[in-house]
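Student: coords please:
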Amino acid sequence: MAGEGRELLRRVELFSALPDGALDVLGPHLRRRTYRRGTMIFHRDQAGDALYIVGEGHVRIFLPGEDGTELTVDLAGPGDVFGELALLDGGSRSASAEAVEDVVLYTLTREAFLRAVETTPGLAVKLIELLGARLRHVTVYAESLAFLDVQARLARLLLDLAGRHAGRRDGPAVEIDVDLTQAELASMVGATRERVNRALGALRAQGLVALRGRRIVLLDPSRLRQRAGLAAG
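Tutor: As a prediction, this is how the structure comes out:
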């Protein structure tokens, strides 16, 4: 699947700047996998032997607690990669991954990925940028959990999701192109489902968001940024 693999990799930020020759080398190593909604892709502490690329759908990356609670740390969509950390250090998975929709994923083995990193300087640079972005995301996320109330944390989450997974737009309004339950939202903001339900209701009452089935629509992103404690954008 050299030609098909090249086009797929070209749509992924991590690989987008690589020359066609490098992409053609990686393409044949890609393996297509499908998962139904709710299926576990891998578990925390499991051996990491592949990098995952999202072709279709969305995958949540989360930390499972011993008491059954979960903290979702990221949501990967089309063009995103995940699972790269275990490939680099040869350790176990640092988090779990679950399909929140029916998903199509492509895997790249650790051997093929590391060989490409060693022989393609551009990929090494992109990988450093990706790891830097991951670290920045974790820092901002930790700050949010430590210093913001649930409503502000939810507002920040919705803005982040709309920026990364935008669907239909109508003027300033933007729909988040992911079906999410309130339990899933709760795991993303580190709160109970009941508290997220109240926070979401308050944002709706303020005219900041609306529900369209299981989709959330940001009606006034500028005011929502103010509620999230962010500068107007």
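Student: Just confirm residue 60 contacts residue 97, I think it does.
Tutor: Yes: judged on CB atoms under 8 Å, residue 60 makes contact with residue 97 at a distance of 7.2 Å. The way it works is simple: take the backbone N, C-alpha and C, and place the C-beta from them, glycine included.
Student: Can you show me the strands along this protein?
Tutor: Taking DSSP state E, the strands of the chain run over residues 31-35, 40-42, 50-56, 59-64, 70-76, 81-82, 96-99, 103-109, 166-170, 173-176, 209-212, 215-218.
Student: closest one to residue 134 among those strands?
Tutor: strand 70-76 (8.3 Å; CB to CB).
Student: could I have the closest one exported to PDB, CA atoms only?
Tutor: Extracted in PDB, the C-alpha atoms of strand 70-76 (Å, rounded to 0.1, in the frame of the first residue of the first chain):
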ATOM      1  CA  GLU A  70     -11.100   7.400  35.100                       C
ATOM      2  CA  LEU A  71      -9.300  10.600  34.100                       C
ATOM      3  CA  THR A  72      -9.300  11.300  30.400                       C
ATOM      4  CA  VAL A  73      -6.200  13.200  29.400                       C
ATOM      5  CA  ASP A  74      -6.700  13.500  25.600                       C
ATOM      6  CA  LEU A  75      -9.000  12.800  22.700                       C
ATOM      7  CA  ALA A  76      -7.400  11.700  19.500                       C
END
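Student: who touches it?
Tutor: Applying CB atoms under 8 Å, 6 or more residues apart in numbering, the external contacts of strand 70-76 come out as 52, 54, 58-65, 82, 95, 100, 137-138, 141, 161, 164-165, 178, 184, 187-188, 190.
Student: All good on my end, thank you.
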